[in-house]
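A.B. asks: Quick one: sequence plus predicted model below, questions after.
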Amino acid sequence: MGVLSNLGKYLIFVTKIFSKPEKHSIYFRQVFREIDKLGVSSIGIVAIISFFIGMVVIIHMTFNLGNPLIPIYYMAYITREVLILEFSSTVLCLILAGKIGSNISSEIGTMRVTEQIDALETMGINSAAYLVLPKMIGMVIVTPVLVLLSIFIGLVGGWAVSLMGHLMTGADYIQGIRHGFDSYLVLYTVIKSAIFAFLITSISAYYGYYSKGGALDVGRSSTLAVSYSMIMILVSNYLITQIMLG
Amino acid sequence: MIRVDNISKSFDKNDVLIGISAEFAEARTNLVIGQSGSGKTVLLKCLIGMIEPDSGDIWYGEDSFTALHPDQQRTFRQQMGVVFQGGALFDSMTVEQNIRLPMDFFTDWDRERKLDRVNFCLGRVQLPGSNKLLPAELSGGMKKRVAIARAIALNPKYLFCDEPNSGLDPQTAIVIDKLIHEITLEFKMTTVINTHDMNSVMEIGDNILFLSEGRKCWEGPREEILRSDNKVLNDFVFASELMKKIK
């Protein structure tokens, strides 16, 4: 019963977010602020993680699959597939769920317990739409960009370690990452990351919006927001993959 | 004028408001008093539509507020100004942005006109020139004054204040009380204030509603509150040594 009631409350909350905005210009400005606050500020961490993961993946592939019967450029090919299919979309979004999800949940939760959301409502402003819609639109725009950036930086990391560690020549690496390239997989990863962005924002905002009590409860909401965002990312990852690639 | 007809509210079988009926007059400072847990805040939240009463009606003039759809209630609330206990200022916005927010949403005024109105409101609460300060840089009393300035930004017909002088020193508390009273008279608003501060009652209470354990126990002007023979009211009013001496 608790799960169903929570799901119903979440769906009502999402409906409230998408109700007609009072003034489009205010929301428009807010979207750019959120892209900067949530997305641009994440570029650094995305770049560092992706670079090192790219480096590690190519070492793993060479160590585990290195065999005279398998062409060496296949290691770069598999690295590219790992980055495009799972790491840069799913794993990166799990990391973003922790960073951005907790940020959104604690920000909105604090606004709830300090009556700032009540203040918006008493002014006649749709607080759910005003606080969440710009974040959601901003995240849905910026997350696929971060994912594409992550793929690129991961590949650069793999290339760097291939050359520095003498795993393969630059030409082999380039041949590997170009081998059997299917742009549909990039489309798949972009769609997937946009859906993950929606889930991270809506679930985190939901837990923040319905926070009660004080600082402890805001912390608890934040933990729940991150946990449920991660679970829903993993569940939807399976469903999207089944639908698009199965 | 605001009229409350027989409203009741309970949470988990715990009756918080029981059949409250009252009238809050226009251009008067109406005070709702009572001990902590007497139902003052729930009554105020019912009045502004943040809590839906289980039964009863709330009338704003000739309009039934309880009959409105939640979206219509939200639109109706544009006629209200609310001052919350902690101020509820938006942390990430400056004082000017806080006061300008309702104007950004609900007016087509140009930037200059909005700034004029912000400056007028800040002047009215005796905080001229504080436009660029952030809430974190304000004292408790200043936060309350900015909250009042924000509440009157769109010239509301109704003003609601939830314990506006809680957490303030006695001098600042009186300043805030008098400010609300002056604004009420100046803009002819219907003002409802929740408080348990007897100083406020004696300073600005034009009409007083006393709640105890969710029920209306007494209603009348402040001149009569000291002469009432209502025992529950007397226990509340004369709880302090100072008030006992005054009696």
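C.D. replies: On my side now, so go ahead.
A.B. asks: Please compute how far stretch B:158-170 lies from its chain's middle.
C.D. replies: Centroid separation between stretch B:158-170 and its chain, computed with C-alpha atoms, centre = their mean, to the nearest Å, is 7 Å.
A.B. asks: Identify each buried residue in that stretch, please.
C.D. replies: By 16 or more other C-beta atoms under 10 Å in any protein chain shown, the buried positions in stretch B:158-170 come out as B:158-165, B:168. Bear in mind the C-beta positions are built from the backbone N, C-alpha and C, glycine included.
A.B. asks: Tell me the first helix or strand C-terminal of whatever helix or strand B:Q73 lives in.
C.D. replies: Here B:Q73 sits within helix B:70-76, counting by DSSP states H and E. Where DSSP H and E defines the elements, the next helix or strand beyond helix B:70-76 is strand B:80-83.
A.B. asks: Convert the C-alpha atoms of the strand or helix carrying B:E23 to CSV, please.
C.D. replies: According to DSSP H and E, B:E23 maps onto strand B:14-24. Output of strand B:14-24 as CSV, limited to C-alpha atoms (Å, rounded to 0.1, in the frame of the first residue of the first chain):
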residue,chain,number,x,y,z
ASN,B,14,-6.7,14.3,17.0
ASP,B,15,-9.2,17.2,16.9
VAL,B,16,-7.2,20.4,16.3
LEU,B,17,-10.0,22.8,15.5
ILE,B,18,-13.5,22.2,16.7
GLY,B,19,-16.4,24.2,15.3
ILE,B,20,-14.7,27.6,15.1
SER,B,21,-16.8,30.5,13.9
ALA,B,22,-15.4,34.1,13.9
GLU,B,23,-15.3,37.3,11.9
PHE,B,24,-12.2,39.3,11.1
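A.B. asks: Show me what that strand packs onto, helices and strands only.
C.D. replies: Contact partners of strand B:14-24 among helices and strands, from 3 or more C-beta pairs under 8 Å, 6 or more residues apart in numbering or on different chains; DSSP states H and E: strand B:2-11, helix B:40-47, strand B:55-60, strand B:207-212, strand B:215-220.
A.B. asks: and it, which strands flank it?
C.D. replies: Using DSSP bridges, strand B:14-24 pairs in its sheet with strand B:2-11 (antiparallel).
A.B. asks: Run through who's touching the strand it pairs with.
C.D. replies: With C-beta atoms under 8 Å, 6 or more residues apart in numbering or on different chains as the test, strand B:2-11 has contacts from B:15-24, B:39, B:42-43, B:46-47, B:51, B:53-60, B:158, B:190, B:192.
A.B. asks: Show me how far the top helix by length along chain A is from its chain's centre.
C.D. replies: Using DSSP state H, we find that the single longest helix of chain A is helix A:127-164. Averaging C-alpha positions (C-alpha atoms, centre = their mean) puts helix A:127-164 7 Å from its chain's average.
A.B. asks: Show me what counts as buried in it.
C.D. replies: Neighbour-count burial for helix A:127-164 flags A:127-151, A:153-155, A:157-159, A:161-162 (criterion: 16+ other C-beta under 10 Å).
A.B. asks: ok so, going back, strands - which of the buried residues of stretch B:158-170 land there?
C.D. replies: Among these, the ones falling in strands (DSSP state E) are B:158-162.
A.B. asks: How confident was the prediction at the most centrally placed residue in chain A?
C.D. replies: In chain A, the C-alpha nearest the mean C-alpha coordinate belongs to A:C93, at 2.9 Å (C-alpha atoms, centre = their mean). Note on A:C93: pLDDT of 94.
A.B. asks: sec struct for it, please.
C.D. replies: Recorded secondary structure, A:C93: helix (DSSP: H, G, I helix; E, B strand; the rest coil).
A.B. asks: thinking it is in contact with A:A197, fair?
C.D. replies: Yes: in this structure, A:C93 is within contact of A:A197 by C-beta atoms under 8 Å, at 7.3 Å.
A.B. asks: Residues that sit against both of the two, list them.
C.D. replies: A:T143.
A.B. asks: Which residue lies nearest the spatial centre of chain B?
C.D. replies: Judging by C-alpha atoms, centre = their mean, chain B has its centre closest to B:C161, at 1.8 Å.
A.B. asks: give the contact list for the closest residue to B:I2 other than its chain neighbours.
C.D. replies: Nearest non-adjacent residue to B:I2, counting by C-beta to C-beta, 6 or more residues apart in numbering or on different chains: B:F24, 4.2 Å away. Contacts here follow C-beta under 8 Å, 6+ apart; on that basis B:F24 touches B:1-4, B:30, B:190, B:192, B:207.
A.B. asks: out of these, who's nearest chain A?
C.D. replies: Checking the contacts of B:F24 against chain A by C-beta to the nearest C-beta gives B:V192 as the nearest, at 12.8 Å.
A.B. asks: so the closest one sits in a strand?
C.D. replies: Yes: counting by three-state DSSP, B:V192 is part of a strand.
A.B. asks: Just to check, it is in contact with B:P164?
C.D. replies: No: look at B:V192 against B:P164 with C-beta under 8 Å: they stay out of range, at 11.1 Å.
A.B. asks: Need the ones in strands among the buried residues of stretch B:158-170 in JSON lines (columns: pLDDT and distance to chain A).
C.D. replies: Below are these laid out as JSON lines (pLDDT from 0 to 100; distance: C-beta to the nearest C-beta, whole Å):
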{"residue": "B:Y158", "pLDDT": "93", "distance to chain A": "10"}
{"residue": "B:L159", "pLDDT": "94", "distance to chain A": "11"}
{"residue": "B:F160", "pLDDT": "94", "distance to chain A": "8"}
{"residue": "B:C161", "pLDDT": "93", "distance to chain A": "12"}
{"residue": "B:D162", "pLDDT": "91", "distance to chain A": "9"}
